[in-house]
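Engineer: below: sequence and its predicted model.
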Amino acid sequence: MADARVFNGPAGALQAGVITKIRLENFMCHTHMEIDIGDRVNFITGQNGSGKSAILTALCIAFGCRAKSTDRATTLKDFIKTGCSYALVHLEIKNQGEDAFKPTTYGDFIILERRITETTSTSVLKDWQGRKVATRREDIRELVEHFNIDVENPCVVMSQDKSREFLHSGNDKDKFKFFFKATLLSQVDDLLKSVKDNLDKANSEVVELERSIAPIEKELNELQGKIRSMEHIEEISQKVQLLTKKFAWSLVYDIDKQIHQETARIKKYEERIPKCQARIDQQIAKVADLQDCLDKKKAQSAIMMESTSKARKRKSELEQKLSLATKERIELEQEYTRRQNNVGKMAKRIKLLEQQISDASEQQIKDTQAEEDEMVNKLKELQDEIDVVDSDFQRLKQIEDDLSETLASAKEELANIIYEIGEYEKKINECQRRVRDLRLNQTNKVTAFGGHKVTGLLKAIERNHYKFKKPPIGPLGAHVALVHGDKWAVAVENAVGKLFNSFIVTDHTDSRLLRACAREANYHHLQIIIYDFSIPRLQIPNHMLPQTNHPTAISVLQSDSPTVVNVLIDMGGAERQVLVRDYDTGKTVAFDQRIPNLKEVYTLEGHRMFSRGSAQTILPPNKNARSGRLCSSYEDQIKVYEREAYQMQEQAREIRGKKRSYQDRVKDLEDELQNAKRQRVNSERRLMSKNLGLKDLKTSLAAEAKAATSSVSNVEDLHQEISKLQNDKHEFESCLEKILEGLREAEAKANELKASFKELCESAKADISALEKATAELTQIEEDLRSADDEKVFYEGLMQQKVHKGIETAKNKYKELESERKVSYEKASIICPESEIESLGGSSEMTSEQMEAHLKRLKLRLQQESQRHHESIDELRMLHDKKERKIIKQQQTYKAFREKLSAIHTALDKRWSKFQRNATLLKRQLTWQFNGHLRKKGISGHIKVSYEDQKLSIEALLFYQITYFVLEYSRLLQFWWMTRLPFFQVKMPQDATSSNVRDTRGLSGGERSFSTLCFALALHEMTEAPFRAMDEFDVFMDAVSRKISLDTIVDFALAQGSQWIFITPHDISMVKRDERIKKQQMAAPRS
């Protein structure tokens, strides 16, 4: 700890370090102000603006405080009163007793002056007679450290700004800084850290010194190497000779091995010849068989193509002739009917004319009327026949329309059945696909969240794992599981969605590396989430969660990774996604109850419900979503999908049977429709013929009526007309006979063509189907022939290029090796006999190439060592001993340095341990003393300090509630000491309920000021200084709190023994009278 001194002398007045007088010139609002300060308790009161706080500011400036630290100005020149050129702060400090500072130099009083101008600031120390003694900052710092005056410590000088800052601050870290600085723990902590930094620097210097002897050690090692080299030159020479012998015979042995290998290779190739030849023969036989079959099929296909082409040509000709014959027959029928009608008309006309001639006079009118009646009757009969034919035509047309409609309906139903079969097949395929996926997931759960690509990605990550700062986590779905069975599996998968397929990395560098691994694995569109892995698992307060009894998505999921849970909360909002059983309950929860913090509602079936403002949205389940990925039992899911697939297959089989019946019905309806069309065409033709006859009859009646009126008076004209009509009649009759004969020929020809066409169609149908089948067989045979031919060529090439060529190459190499072995054996025998090598243990395990390389290295080293070492081995040993002694001496010196540093390390560790123990004791002492001061107002409390988190929190309870909570308090206190977690609660007397105030700003002004005062007094008891000053310590207090606060602070100040300066704008008449208490009133500010 820092130096602590007791400044109270005899039981009367204090002797050293107290302020006796303060004089200000042109400082802030004061032009000239001088005030005497008592040795014990001083109260300075005055109105706002009278310059009370300027006194504390002057104290801080005089003892070297910076302008910014006062919170009153940014530079020192800002303290100069407006219109003045300088400011002066004059302090007189008592310097008596055992703790006097250089009493022989300064005497009984020390004068400290600080003069501030626009450009400079100077401080001066004077003796009791006013003589200048020192002006350096070091001298003033020595004075401050001697008296332990730290004006920046809030326990020495607490300005109104610091008091207000503490009163209105709810930050535990700010309270900790206040405590840490007030108890001088901050100073000790900085000192220990500085020592540690210096120790680290000393360690670095020792390391550099140790590195400085590395060149000498290197020279020493080189000397040792030279000595060892010279000692081993002879040994190397012997090794060279021995290795030369072994190398010579190893060449012979290597050739023997190669000869043995070539012999085995030749044998292997010869064994492959029968197999390859058998394959070739097999393919040749297969090619011959296929070629014969192909030739036969080609001949058969050519015959079929010729016959079918003739049949097609004959069919086309017959169709054309039949069409012409039918057309000709219809035209002849129409011409015959028309001429027959004309002949009948002519005969009737002749009869009419003859009747007119015989009854020329008297019977003309009567006969004319009778003839007209007859013609009317004929017209009526003909009209009746037309009506009958037209009725039959309309009936046949209605039948045709009904059949067409029925056929269209049947075709539409058939199309629906085909579509339904397709849908069932899709569902069956989907069930089978899901069964395959589930079986794959059963083998490897990771594939459920990305398929085969994710396994490739994980392999790529494994290959590049050393490049990542922290291993990626993913896929996310593989790291979570359902808590209460598979009940909420569908709802959770719809809620979280594609987030299950994502990967989590710790920063952008790992993100780019993971993206590269995804490209390597051909995994495109991979979702990568960047999240800090060091963040602990998030704890969501209850007031931020949906207030409902239904579970949330995060409550039914569990994961061993806090990062996974944090991502589900931060990225997916899983803590605000509520899960319900059915659709109606979901609507009630989502729209009717208006639950706060609710994001979305999901049902067991996968419905999604949410509201944004006044808009309410309900989305159906996603049919394409993959379900069952979170299920614990894949077997149950597989059985469900297999059962669904089986049921759908049965239904599809039933529908296929229904499809065949509908196809037969459509075929029957088409045949009936064709028959109805033929009947309707025939009826239409009869109707047309009747209409034409009616039209001709009406025309002839009109002509006869006109001719009768014109020819009554002239019988000769009638005879001439009769003869003309008879001639025309004879011509028409002869034409009718010709037309009738042509009609019979046309009818016979059409019937003959129809029979020929039908027979040709029947015969051609079988030929065409046979041709198509033969063509398909011919194509397959050609494909098989091509494949067999390729295999034959492949095996022939394999035989030629691999087997025969390999045998030839192996035999040539065998001959070369035989000759090479002979030469090598002769050379090796010259170097040494084979028996000598066998006595030495045979050839080495190294190959000849390795032995040759080793031999070259040994020869080269032998040559180099022989050329390099010109000194004798004794000289080298003497030089080696000399350098070794020098290095040992330096190493011992550096070892001593290292031991001293280690001792300092040990001492520093002990100091750290003592510092932490003292910090713990100070923490407890602060709680006890703070509790003692609070008890005077009926409050009990304690303070918790967490040095790890750098937080300080306060708890205060009603005094009359302490008895009830004493046991609970003891248990909690023990828990607080163990965990040192930040916590802040204040409960004041007016709190009737059990609710806790977690911030001092939740208290009233008086309560807040009183708690601040108690906290400050507790710290004052733990720190020492010759004087202390507090500004506006009783702000926001009511009368009762102020009375208790004043009594508490006065009693504490009198008992504590140091000098106290209290500044307040309030009335202090309630302060008790005592000769040690001095009260002063500041003059009112001028308007």
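Structural biologist: Received the coordinates, thanks.
Engineer: for residue 551, give its distance to residue 491.
Structural biologist: 9 Å (CB to CB, to the nearest Å). For glycine as for every other residue, the C-beta is placed from the backbone atoms N, C-alpha and C.
Engineer: packing partners of the strand or helix carrying residue 241?
Structural biologist: Residue 241 is part of helix 214-358 when elements are defined by DSSP states H and E. Applying 3 or more CB pairs under 8 Å, 6 or more residues apart in numbering; DSSP states H and E, one finds that helix 214-358 contacts helix 364-443, helix 634-710, helix 715-797, helix 805-831, helix 834-839, helix 848-868, helix 873-934.
Engineer: reformat the ones you listed as a markdown table; add mean neighbour count, distance to residue 118 and mean pLDDT.
Structural biologist: Below are the helices and strands packed on helix 214-358 laid out as a markdown table (neighbours: other CB atoms under 10 Å; distance: least, CB to CB, whole Å; pLDDT from 0 to 100):
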| stretch | mean neighbour count | distance to residue 118 | mean pLDDT |
| --- | --- | --- | --- |
| helix 364-443 | 14 | 82 | 76 |
| helix 634-710 | 15 | 86 | 77 |
| helix 715-797 | 15 | 105 | 71 |
| helix 805-831 | 14 | 104 | 82 |
| helix 834-839 | 12 | 104 | 74 |
| helix 848-868 | 14 | 79 | 74 |
| helix 873-934 | 14 | 44 | 80 |
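Engineer: CSV for those helices, including distance to residue 1065?
Structural biologist: Listed next are these as CSV, based on distance: least, CB to CB, whole Å:
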stretch, distance to residue 1065
helix 364-443, 77
helix 634-710, 79
helix 715-797, 111
helix 805-831, 113
helix 834-839, 114
helix 848-868, 95
helix 873-934, 23
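Engineer: who wins for proximity to residue 269 among the ones you listed?
Structural biologist: Minimum separation from residue 269 across the helices and strands packed on helix 214-358 (CB to CB) falls at helix 805-831, 4.6 Å.
Engineer: how far is the closest one from where the chain is centred?
Structural biologist: How far helix 805-831 lies from its chain's middle: 67 Å, per CA atoms, centre = their mean, to the nearest Å.
Engineer: ok, back up a step: okay, and the common contacts of residue 551 and residue 491?
Structural biologist: When contacts are counted by CB atoms under 8 Å, 6 or more residues apart in numbering, residue 551 and residue 491 have residue 579 as shared neighbours.
Engineer: comparing the two, which residue is more hemmed in?
Structural biologist: Neighbour tally, residue 551 and residue 491, criterion other CB atoms under 10 Å: the higher count belongs to residue 491, 27 against 19.
Engineer: quick one: contacts for residue 337?
Structural biologist: Taking CB under 8 Å, 6+ apart as the test, what residue 337 contacts is 689, 692, 693.
Engineer: redo that, cut-off 7 Å
Structural biologist: By CB atoms under 7 Å, 6 or more residues apart in numbering, residue 337 lies in contact with residue 689.
Engineer: hang on, the earlier thing: so which of the helices and strands packed on helix 214-358 gets nearest residue 199?
Structural biologist: helix 873-934 (5.8 Å).
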